[in-house]
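1. quick one: sequence and predicted model below, then my questions.
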Amino acid sequence: MMAISYANDNGTARVRLYRNGDKIGDYTHGQFVSFAKNDAEAIWGKRHGGVGGGPGDLDVHIEDSRIYAAVLSQAEIKKLIPNTLAVESQGKLATTWGRLKIR
């Protein structure tokens, strides 16, 4: 299981990477960016988005992918169990994740 967290560290983006709940990396990178409500992109694989799009192959099989509205602690990440997130089909992730943004 891979987990990546982004947090605001006094205006700088702090990135932490975890594998199976163990931290494997930690760095800061540029200004922390926030997006307007209903105007964000999450892309896995080939990059074709509006923010620095371009090539970026990803050769994996993703069984479970999640985006949380808060930075999870390492203890919370260690407690995550893949393929256990119950999602209701009305107005939640299951009905909105595949919606295309058209400019």
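-> All right, it came through fine. A quick note: this is a predicted structure, and the numbers were derived from the prediction, not measured.

2. helices or strands up against the longest strand seen in the chain?
-> As far as residue count goes, and with DSSP state E defining each element, the longest strand of the chain is strand 22-31. Applying 3 or more CB pairs under 8 Å, 6 or more residues apart in numbering; DSSP states H and E, one finds that strand 22-31 contacts strand 12-19. Where C-beta positions appear, they are placed from N, C-alpha and C, glycine not excepted.

3. which outside residues touch the strand it packs on?
-> When contacts are defined by CB atoms under 8 Å, 6 or more residues apart in numbering, strand 12-19 is touched by residues 1-8, 23-33, 74, 77.

4. narrow the residues you listed to those that are buried.
-> By neighbour count, with 16 or more other CB atoms under 10 Å, these hold 3, 5, 77 as buried.

5. among those residues, name the ones in helices.
-> Judged by DSSP state H, helices contain the following of these: Ile77.

6. export the buried ones among the contacts of strand 12-19 to CSV and tack on pLDDT and distance to Arg16?
-> CSV is the format used below for the buried ones among the contacts of strand 12-19 (pLDDT from 0 to 100; distance: CB to CB, whole Å):
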residue, pLDDT, distance to Arg16
Ala3, 89, 8
Ser5, 89, 5
Ile77, 89, 9
